[in-house]
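# Have a look at this fold, sequence not included:
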């Protein structure tokens, strides 16, 4: 599988669906600690070419530009990543790189971007898409997005939820009701029943078996005024802050006021802060080869493998080795003997060897290194 | 355990047992392919400081110099290793580095060295000890050697055999009879019944249970004329060849004649070529913390481990990791997550990751690289 959206051939076949009020937000946050030592604070997951020649961010932007032109796409990132984002996306207008002074979670980032968009287009419909996810089936992605937009027009906050393919305990889930909101040839949306944080293995298995639970992939669509109305009701401090910043956005006072206001805004996520509490929340069930490219086990599944299930990037020899992942950046020869289900990540200053079943635990190494003040890693 | 013979404290307590006719041969051959990528053709196992500050060769010489002075120790090696051997052993007289023009197995190497010794001392008693093994209990080693020497005086070809501590399938075995040849306070020697090549797992388990089988550690003692007489009888071509070379050893014609003669000598091992066929072969059962330091699993057992059984040389962090071996030569940070029983060997141009249970298979990688003509590795 993988890498469909690294080249453009699929795009000619995709529905244009051009809507002048359709905007997109791409929050480019998180450092991807589970993909250490490849991803680092200065070189987070979204900037890395993990699946093909282009970075996950470039692939994300490419995926949405058939529906939304670069002028209506806002990338939200931290100050340290503004320069690489600008260079990786030469077609994106400079003012569309929205720099949040400090990370405050998805709530402030997305609310601010929506407020900035609403200043320019009060009738905007806004989709939000993480910068570091993979989608392999673009027509199915477009169809789900069209259904989500149709639902959002009627003042719903909409999520696109992925039909689970395994009892994953690393994701949040969305339970849907049977109440259909919109049904078209492209698919349907349903009123959401509830959002559930990462479940244990038994609950995850139940969710998958029920057929009513979907993976929360942090893909959202709303009318700008619908979202801003709910933010005003549920998170009034955040609402006041982003309104103040949006008013001065593009003026000389922008950076100073943004910094001042940001310092007073508490952390929140858009899921827990707004979607879990709002009255009109819908979900569009979809399947389009989605992955969050979250850890080395996951990434191994997305890289083409040889006949023994080994997914390998780099010079290597092997003997009696199956289901392994190798990612080498050093050009060194990697030899694997008698291994099953091991990932090896070889970078200039650090080497990781991890059992794929423990791939989520790689973040503990990053935590340890932070405690040891070994911040160069 | 390990590294007792890296420093000299044990030696003061060791029996001198000075015998002016006692000589030693140290065949320094083999490249140690199972310890790739640390050991290479140009830097074989015996030249590496695997257990302590000094190389296995230096430790081997140090172990025997309490009984045999450097003037009576001959190291046999290939041309490529003469310079590093000379530098690692500054006390060894230059003419005691015996260079075999090409590898022909232990038979020619040991027969030639014995013939060269016999030229200088017709009454020589000669012990032969591999250059790349580990011995941790020196007094027990000395005691076994004294028993072997006492047995060899009476025209026996003697081996020192190690009481097996596990059903190892990677070693050859020696079965003993109940016929005692020599019994002293130091121990006893027995007539050998037979030599067995590497057995399968079931046979190895039987051997260990029987109490009559010993590991063949390629440690031999004989009177020079006893061995040379058996070589003349069993391997007449080899006998003629080494006699010819020994006659001109130390003269200007030495290298030319050695090269000419060597080209005509067939490969043989001293075990199969002589000991398995000779009539008076004895074995001294012994236990002195012996290891052939054969592969990464083995070496891991000899390196001190932390509370989780991890034996680690190099900068590292770990999480949920047990019984692993890390050997790093690069200074890079090595991170291990969720691993059990894995060895990681990190060198400048090559990285090995191997399940310790498959450590013997590392030689397959070296074979593959040879077939691929990647000889720089």
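It's in. Treat the numbers as computed from the prediction; the structure is a model and nothing was measured. Numbers count the residues shown, from 1 in each chain, chains lettered A, B, ... in the order given.

# pLDDT below threshold where in chain A?
A:1-18 (pLDDT under 70).

# can I see the domain layout of it?
Listed by automatic domain parsing, the domain ranges of chain A are A:4-291, A:296-371.

# Provide the secondary structure category for the residue most central in space within chain A.
The geometric centre of chain A, computed from its C-alpha atoms, lies nearest to residue A:130 (C-alpha atoms, centre = their mean), at 2.3 Å. Here residue A:130 takes the coil state, with states given by DSSP: H, G, I helix; E, B strand; the rest coil.

# what's around residue A:203, how many residues?
Residues near residue A:203, counting by other C-beta atoms under 10 Å in any protein chain shown, number 15. The C-beta positions use only the backbone N, C-alpha and C, and glycine is treated the same way.

# Sorry, slip of the keys, the one I care about is residue A:52.
The tally of other residues near residue A:52 (other C-beta under 10 Å) stands at 16.

# Would you mind giving the secondary structure of it?
From three-state DSSP, the assignment for residue A:52 is coil.

# how far away is it from chain B?
According to C-beta to the nearest C-beta, to the nearest Å, residue A:52 stands 25 Å off from chain B.

# So that residue is in contact with residue A:59, correct?
Yes - Residue A:52 is in contact with residue A:59 according to C-beta atoms under 8 Å; the separation is 7.0 Å.

# Touching, residue A:291 and residue A:132? I think so.
No - checked against C-beta under 8 Å, the pair residue A:291 and residue A:132 is beyond contact range at 10.2 Å.

# Around chain B, pick out the residues from the stretch 51-200 of chain A.
By C-beta under 8 Å from any C-beta of the partner chain, no residue of the stretch 51-200 of chain A approaches chain B.

# Do a quick rundown of the strands in the stretch 51-200 of chain A.
A:73-77, A:97-99, A:125-128, A:134-135, A:157-162, A:173-184, A:187-196 (DSSP state E, counting those that start in this stretch).

# sorry, back to before: for the residue nearest to the centre of chain A, which residues are in contact?
A:26, A:27, A:60, A:217, A:218, A:219, A:292 (C-beta atoms under 8 Å, 6 or more residues apart in numbering or on different chains).

# Show me which of the residues you listed is closest to residue B:106.
Minimum distance to residue B:106 across those is 59.0 Å, recorded for residue A:292 (C-beta to C-beta).

# about what we covered before: between residue A:291 and residue A:132, which has more neighbouring residues?
residue A:132 (26 against 19).

# export the domains of chain A to a markdown table and tack on distance to residue B:79?
A markdown table is the format used below for these (distance: least, C-beta to C-beta, whole Å):
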| stretch | distance to residue B:79 |
| --- | --- |
| domain A:4-291 | 43 |
| domain A:296-371 | 27 |
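
# Any idea how many residues pack against residue A:296?
So residue A:296, with other C-beta under 10 Å, has 27 neighbours.

# wait, isn't it in contact with residue A:343?
Yes - using C-beta under 8 Å, residue A:296 makes contact with residue A:343 at a distance of 4.1 Å.

# Please identify every residue contacting each of the two.
Counting by C-beta under 8 Å, 6+ apart, the contacts common to residue A:296 and residue A:343 are A:325, A:327, A:352, A:354, A:356, A:359.

# now the strands of the stretch 51-200 of chain A as a markdown table including mean neighbour count?
As requested, the strands of the stretch 51-200 of chain A are exported to a markdown table (neighbours: other C-beta atoms under 10 Å in any protein chain shown):
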| stretch | mean neighbour count |
| --- | --- |
| strand A:73-77 | 24 |
| strand A:97-99 | 19 |
| strand A:125-128 | 24 |
| strand A:134-135 | 24 |
| strand A:157-162 | 28 |
| strand A:173-184 | 17 |
| strand A:187-196 | 19 |
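
# could you redo the ones you listed as a markdown table and give each row distance to residue B:315?
Output for the strands of the stretch 51-200 of chain A, formatted as a markdown table (distance: least, C-beta to C-beta, whole Å):
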| stretch | distance to residue B:315 |
| --- | --- |
| strand A:73-77 | 32 |
| strand A:97-99 | 36 |
| strand A:125-128 | 41 |
| strand A:134-135 | 33 |
| strand A:157-162 | 40 |
| strand A:173-184 | 40 |
| strand A:187-196 | 41 |
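
# between those strands, which gets nearest to residue B:182?
Of the strands of the stretch 51-200 of chain A, nearest to residue B:182 by C-beta to C-beta is strand A:134-135, at 74.8 Å.

# For the stretch 251-377 of chain A, what lies in contact range of chain B?
By the rule C-beta under 8 Å from any C-beta, the part of the stretch 251-377 of chain A lying against chain B is A:317, A:319-320, A:328, A:332-340, A:342, A:344, A:346, A:348-355, A:357-359, A:361-362, A:364-365, A:368-369, A:372, A:374, A:377.

# List only those of those flagged as buried.
For those, a burial check counting by 16 or more other C-beta atoms under 10 Å in any protein chain shown picks out A:317, A:319, A:328, A:332-339, A:342, A:344, A:346, A:350-355, A:358-359, A:361-362, A:364-365, A:369, A:377.

# At which residues are the helices of the stretch 1-150 of chain A located?
Assigned by DSSP state H, counting those that start in this stretch, the helices in the stretch 1-150 of chain A fall at A:56-64, A:82-88, A:106-120, A:138-152.

# Nearest to residue B:285 among the ones you listed would be which one?
Nearest of these (C-beta to C-beta): helix A:56-64, 64.9 Å.

# For that closest one, name the packing helices and strands.
Judged by 3 or more C-beta pairs under 8 Å, 6 or more residues apart in numbering or on different chains; DSSP states H and E, the packing partners of helix A:56-64 are strand A:22-28, strand A:73-77, helix A:82-88, strand A:134-135.

# before we move on, back to that, of all the domains of chain A, which one is nearest residue B:95?
domain A:296-371 (40.3 Å).

# Just give the number of residues close to residue A:142.
24.

# Sorry, slip of the keys, the one I care about is residue A:209.
11.

# Report all helices and strands that the helix or strand containing it contacts.
When elements are assigned from DSSP states H and E, residue A:209 belongs to helix A:201-210. For helix A:201-210, the contact count by 3+ C-beta pairs under 8 Å, 6+ apart identifies strand A:173-184 as packing neighbours.

# What's opposite the closest residue to residue A:72 other than its chain neighbours in the beta bridge?
Distances taken as C-beta to C-beta, 6 or more residues apart in numbering or on different chains place residue A:23 nearest to residue A:72, at 4.5 Å, with adjacent residues excluded. When assigned by DSSP bridges, residue A:23 has beta-bridge partners residue A:126.

# need the contact list for residue A:23.
A:68, A:72, A:73, A:74, A:117, A:121, A:124, A:125, A:126, A:127, A:224.

# can we see that at 7 Å?
A:68, A:72, A:117, A:121, A:124, A:125, A:126 (C-beta atoms under 7 Å, 6 or more residues apart in numbering or on different chains).

# How about residue A:55?
Per C-beta under 7 Å, 6+ apart, neighbours of residue A:55: A:46, A:47, A:48, A:49, A:88.

# From residue A:73, how far out is the fourth one?
Counting by C-beta to C-beta, to the nearest Å, the gap from residue A:49 to residue A:73 is 20 Å.
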